[in-house]
Each structure stands twice: as C-alpha cells, then as structure tokens.
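Asks: sequence first, predicted coordinates after that:
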Amino acid sequence: MEKRIHPRRSFAYHLKHTILPHAVLSLVGLFFLFPFIWLLLNSVKTPQEIFTIPPKLWPEEFQWQNYVKAFQSMPFFGYVLNTLFLVFANIVGQLFSAPLVAYSLAKIRWKGRGVVFALVLATVILPPQVTMIPMYIIFAKLDWVNTYLPLILPSFFGTAFNIFLVRQFLLGIPNELSDAARIDGASEFRIYWQIMLPLLMPPLATIAIFTFQGVWHDFFGPLIYLNDERLWTISVGLQGFLQEHGAQWELLMAAATMFTLPSVIVYFIGQRYFIQAGTQLVQYK
Amino acid sequence: MFTQSAANRKTSNIMTVKERRDQWLGLAFASPFILGFLLLTMIPFGQSFYYSLTEYDLFGEPQWVGLGNYQKILEDPAFYKSLTNTFFMAFIAVPILLTVSLMIALLLNLKVKGIAVYRTLYYLPVAIPVVANSILWLWILNPQYGILNTILRAFNLPDPAWLLDPMFTKPSLIIMGLLGTGGGALIYLAALQGIPKEMYEAAEIDGANAWSRFRHITLPALSPVTLFQLIMGLIGAFQIFTESFIFANGATGGPDQSLLFYAVNLYQEAFVNLHMGYASALAWILFVIVMLITLIIFKSSLRWVYYGGE
C-alpha cells in the first residue's frame, strides 16, 4: 500500500473503487458459499447437534465417523462405481460422436448439411418427454431395462450442445491446414484423425467435463431405467436412503458431501472450460 | 454461410468427382447424428403420437381409443394443477431468476482485483448435484430446525413452513434457484465482456448517466443472450422434476399438490400407473405448448432483440 502509483487518490476514491465493490462482492459471495459450507458442517455433527433449537453453527467435535456410518448404511461404494462407469461410457460416446458430426458440418461441403445443422439445433427445443415413452417401450421390448444400455447408447449418436460446441471451434480453424494435407493426398479420415482431432482438445475437454457433470448429477434416467438396487447410481441411491431412513440427517449430509465433492473438484479443474463454453454460446447469433 | 459455393455450382448441374466424394464423406461423418435423429427422435416422435391415441400398459397390445386420452386429460384436475404450477415456474420464477443472474453478472463484471475468485465462488452451487442440493435444502428449509427459519425468527420475521405449506413450496424453489443463478450469470458475463468499451465512452461524453447507459447500451447488447436464456429457462421449467421428487417424497406433488409439475404428473402416469397412452397424450400437449411459447417469444423478440450489425 506504500508504493501507490497515484499517491493523491483520496479515501473516497478507494471507497468507490476498491472497498465498496469488495464489500458487496464478498457479502453476496457468502450467500453463494453458504449451501456448500452448511452441507459440510452438518455432515460432521452429532444427531443431537442437528436437532437443537437454535441450530448449532459449529459442531463441538467433528464427527468424521458419520462418513464411515454412511458407508455402512448404504452400498455407497457400489453406487460410486456404477456412476463412474456411466460417466466414463458417456464421455467415450460423446467424444466419438460430437467431433465427427461437427467436422462434417463445419469442414465438408455437402448438400443437406444446412438442414442437418438446423435439425441439430431443433432437437434442443423438443421436450424429451415426447420421445421418452416410445424409447422406454423399445428398450423394454429389447429387455434392456435394468441394464446401462439405455443410459449409454444415446451418447454415441451425439447431443446438440456438444456438436454445436465443436462446430463453432472448427469454424475458427483455417482451411489451409487441411487443404495442404489434401493436396498431399491424405484421406479425409486421416485429416480428421491426425490433424483436426489434436486441435480440438479444448472443446473436447469441455465436453468431457460437461458430460461428467451431467451424468454424475442425472437422476431421471437412472430412476426410470434402473430398478435393481445393485445397478443404482449415487442419485437414486441417495434418494432411496432418504426414503427409507428419512431423519438421519447427519448420514444423509455425509453421503451428500461425498456425492458433491467429486463434482466440485471437477468444476475447479475445468473452470476455464465452463467460461469458454459460455463465451462460445454468446458469440453465436 | 453454407451457400458460398452455391453460386459457382449453379453454373453447371454436374457434380464434379470431388463434390460427389464430399457428398458421401459429409453424410458418413454426420451419420451418427442422422442415425440417432431417425432412431431416437423421429421414430419415437411418431410412435408417441400413435400411442397417444391408444390405451397401453406395456404388457398387452395398445388398444385404439382415438382422441379418448385427450378428452380425459381435459377433464383431469391433475392436468390443470400441474399446468398452473408449471406456468408459475415458467412465467414468474424464470424471469425473476434471469433478472437476478443479470445483476450477478454485472457485479462479476466489476474491475477489481481478485474478481476471478468471486466468479469461481458464485458458480459453486451449480456444481452441487441436484439430488444432494435438494436434500440439503430439505434441511435448510425445515420449519423447526432449519437455519433459514432460525434467522427469520431472530429478526422477528414470519417463519413459514416452507416445503410443508402449499403457499410456500414454489417460493422455496425460487429461493433455491437464486443460488443457482451463477450459471446464467456466467453466460451474461461472457456477453457483457463482448460489448465494445467505445460505446460506453461515447455515451459518457454525451452525458449519459449510469442508468441510461445500462438501459440504452447494456440491455440492447445483451438482448440476444436474454432471448436465448429465456427460451432455455422456459423449456427447463417444463422439465422440473427432481426437486419435487425429493421434496415430496416421490411423484406425489407435495402439500395440496403444489409441487405437481407437468413432468412430475407425466412421470406418475407413465411409470407409476403405466398409462403409456395417456402419458403420451400428455407429452404431445406439452410439445404443442412448448412450440407455441417458443413461437410467441420468437415473434415478440423481433421487437425487443437487437442484433448489432457486423
């Protein structure tokens, strides 16, 4: 603070440009931080501490054994493995389909690609309920209910948002690169695989992160397709636990914390991709 | 942007070898989507309409009932209840939350040191899985032991029963939604950063105050993003499901069915009562409603969305 560049800036200036903004930002920030903190704090309270009026903000002693108990009272580890498997399979599917389709829409000139791109965008406003029931009936007839196939297969056909994301990125890559390779006689698939895919890492990372979050958080899909408890994901497992043991809040909070942490970690790692995706969406008019 | 080559192509109707090759390559690369669109969208879309004209419980064969399901829906109080609840979320909650996310974005656009930390923080609640978040709020909003009512009582404010009082269940969802506004703010923020500084400088020279700069520069510049977020928000409102399912202990609709949303009612009919035909009819009505709303908003957007020339 001693080495001010503008030593004559008044207190009023600092109030307006530093103190006040930070005060407002942190106050609102507290509000956004609160649910996460409250989740953590309640996960290490005793049942007595949970049920006191007024609520104890800070637990007397951190009850880490709540986490052990939560593990024991539900097959949490199994839920985690199931969910991770679904996450992995969906990421593979999205990373397969999105760049392929996007490449066709952005870099190959063919009749009908405008129509296909319009259809990609149209799927966004189609309510999923319209196709959900016939799809369920088809999967039921194939005897795929209670398997992971209905929750994985669709990702291999591509999702509008992901295709869109890669397409926008591809439009920013100059054609000279692939044209040069084409003159050298490289096949279209080789150009795609050896030249384009390596350049597509940023949007592909974004897709991987969004897919992780989407599948990790998903409740509806597993709810309708997985009746067998052994196949449950964390979402449905946690909901099942809530329904059976309602009032054991400290265990619920411990399990919910375990459920939340990976998602928060992935968010911290991938923040810049979230921001890039936001920019990408905005730039499209 | 796709028609750059259309002009040269018109001169001859014969496709060159390269054009023919590109035609096949384009189709091949796009085939996952095209196949998926046929198998997972178009065919189910048509089937759904057929099922909506039948009675079908998954086990027997679909029984043709014509428009019977649609007639029954129009006489079903649960349909109207779910529609009103969903409209409340679409036309009251969504605009409120969108406005808040714009205010948050303006806040996050302040030029102060460490702003990146705030941006990270504000988005954090979005990273909490919906089921975990709903369980947490079930506890925060507990009428007796919940932290919210403790705070309200400390200030001698009324302490409603939130999720147990039909008047307060949907406001509870709005409060919960406020903490999720970081997502929308992120998109607004990206748009704010794309507005040229010169526009503000010019306005300042002309003597425009902060409010009129916001009103006449920021808002119009953001209007395409507002249109996008509004439409996505409205579509999202018709998908509200998980929060209701956790709060009401299943697809029950909660106290006085105040949390019976369209998607919840549809789930109940399809997967609990196994009324696949009836539920398909509900889905088609939903489809028509969403299309109408989208169309109206697009039509109206001609008047309030400003696309800057480039």
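Replies: All right, it came through fine.
Asks: got the contact list for residue A:44?
Replies: Residue A:44 sits next to A:59, A:62-64, A:66, A:250, A:254 when contact means C-beta atoms under 8 Å, 6 or more residues apart in numbering or on different chains. Glycine gets a C-beta too; all of them are placed from N, C-alpha and C.
Asks: and stretch A:148-165, C-alpha only, in CSV?
Replies: In CSV, the C-alpha atoms belonging to stretch A:148-165 read as follows (Å, rounded to 0.1, in the frame of the first residue of the first chain):
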residue,chain,number,x,y,z
TYR,A,148,-26.9,-49.5,-18.6
LEU,A,149,-27.5,-49.6,-22.3
PRO,A,150,-30.4,-47.1,-22.4
LEU,A,151,-28.3,-44.6,-20.4
ILE,A,152,-25.2,-45.0,-22.6
LEU,A,153,-26.3,-45.7,-26.2
PRO,A,154,-27.7,-42.2,-26.9
SER,A,155,-24.4,-40.5,-26.3
PHE,A,156,-22.9,-42.3,-29.3
PHE,A,157,-25.3,-40.5,-31.6
GLY,A,158,-24.4,-37.0,-30.5
THR,A,159,-26.0,-34.3,-28.5
ALA,A,160,-26.9,-30.9,-29.9
PHE,A,161,-24.9,-28.8,-27.4
ASN,A,162,-21.7,-30.8,-27.9
ILE,A,163,-21.9,-30.9,-31.7
PHE,A,164,-22.6,-27.2,-31.7
LEU,A,165,-19.6,-26.5,-29.4
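Asks: mind checking how far it is from the chain centre?
Replies: Per C-alpha atoms, centre = their mean, to the nearest Å, the displacement of stretch A:148-165 from the mean C-alpha position of its chain is 14 Å.
Asks: list the contacts of residue 249.
Replies: The chain I'm using is chain A. The contact partners of residue A:249, by C-beta under 8 Å, 6+ apart, come to A:42, A:47, A:50, B:139.
Asks: that was the other one, I meant chain B.
Replies: So residue B:249 contacts residue A:243 (C-beta under 8 Å, 6+ apart).
Asks: wait, a strand at it?
Replies: No: looking at residue B:249 with DSSP: H, G, I helix; E, B strand; the rest coil, it is coil, so not inside a strand.
Asks: so who does the residue in the stretch 1-150 of chain B positioned nearest to chain A touch?
Replies: When scored by C-beta to the nearest C-beta, the stretch 1-150 of chain B has residue B:36 as its residue closest to chain A, at 2.4 Å. Taking C-beta under 8 Å, 6+ apart as the criterion, residue B:36 is in contact with A:97, A:154, A:156-158.
Asks: what do you get if the cut-off is 6 Å, keeping everything else the same?
Replies: residue A:157 (C-beta atoms under 6 Å, 6 or more residues apart in numbering or on different chains).
Asks: in a helix, residue B:110, correct?
Replies: No: assigned with three-state DSSP, residue B:110 falls outside any helix and is coil.
Asks: that one is in contact with residue A:22, isn't it?
Replies: No: using C-beta atoms under 6 Å, residue B:110 is not in contact with residue A:22, being 9.1 Å away.
Asks: any regions of the chain where pLDDT drops low?
Replies: Looking at chain A here, since you left the chain open. Per-residue confidence for chain A (pLDDT under 70) gives these ranges: A:1-8, A:284-285.
Asks: not quite, go with chain B.
Replies: B:1-14, B:308-310.
Asks: in which helix or strand would I find the residue nearest to residue B:304 when sequence neighbours are not counted?
Replies: Once flanking residues are discounted, residue B:304 sits nearest to residue B:223: 6.1 Å by C-beta to C-beta, 6 or more residues apart in numbering or on different chains. Per DSSP states H and E: residue B:223 is located in helix B:219-237.
Asks: buried set for that helix?
Replies: Neighbour counts over helix B:219-237 (16 or more other C-beta atoms under 10 Å in any protein chain shown) mark B:220-235, B:237 as buried.
Asks: which bits of the stretch 101-250 of chain A sit near chain B?
Replies: Counting by C-beta under 6 Å from any C-beta of the partner chain, the positions of the stretch 101-250 of chain A adjacent to chain B are A:101, A:103-104, A:108-110, A:113-114, A:116, A:119, A:125, A:127, A:129-131, A:133-135, A:154, A:157-158, A:188, A:217, A:219-220, A:224, A:235, A:238-239, A:249.
Asks: from the contact counts, what lies against the helix holding residue B:223?
Replies: helix B:94-108, helix B:182-192 (3 or more C-beta pairs under 6 Å, 6 or more residues apart in numbering or on different chains; DSSP states H and E).
Asks: with mean neighbour count and distance to chain A added, can I get those in CSV?
Replies: Formatted as CSV, those follow (neighbours: other C-beta atoms under 10 Å in any protein chain shown; distance: least, C-beta to the nearest C-beta, whole Å):
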stretch, mean neighbour count, distance to chain A
helix B:94-108, 19, 6
helix B:182-192, 23, 4
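Asks: how about these in CSV, adding distance to residue A:163?
Replies: Compiled in CSV, the helices and strands packed on helix B:219-237 are given as follows (distance: least, C-beta to C-beta, whole Å):
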stretch, distance to residue A:163
helix B:94-108, 26
helix B:182-192, 19
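Asks: of all the ones you listed, which one is nearest residue B:71?
Replies: Closest approach to residue B:71 among the helices and strands packed on helix B:219-237 (C-beta to C-beta): helix B:94-108, 31.0 Å.
Asks: the closest one vs helix B:182-192, what angle?
Replies: Counting by axes from the mean of the first three to the mean of the last three C-alpha atoms, to 10 degrees, helix B:94-108 points 60 degrees away from the direction of helix B:182-192.
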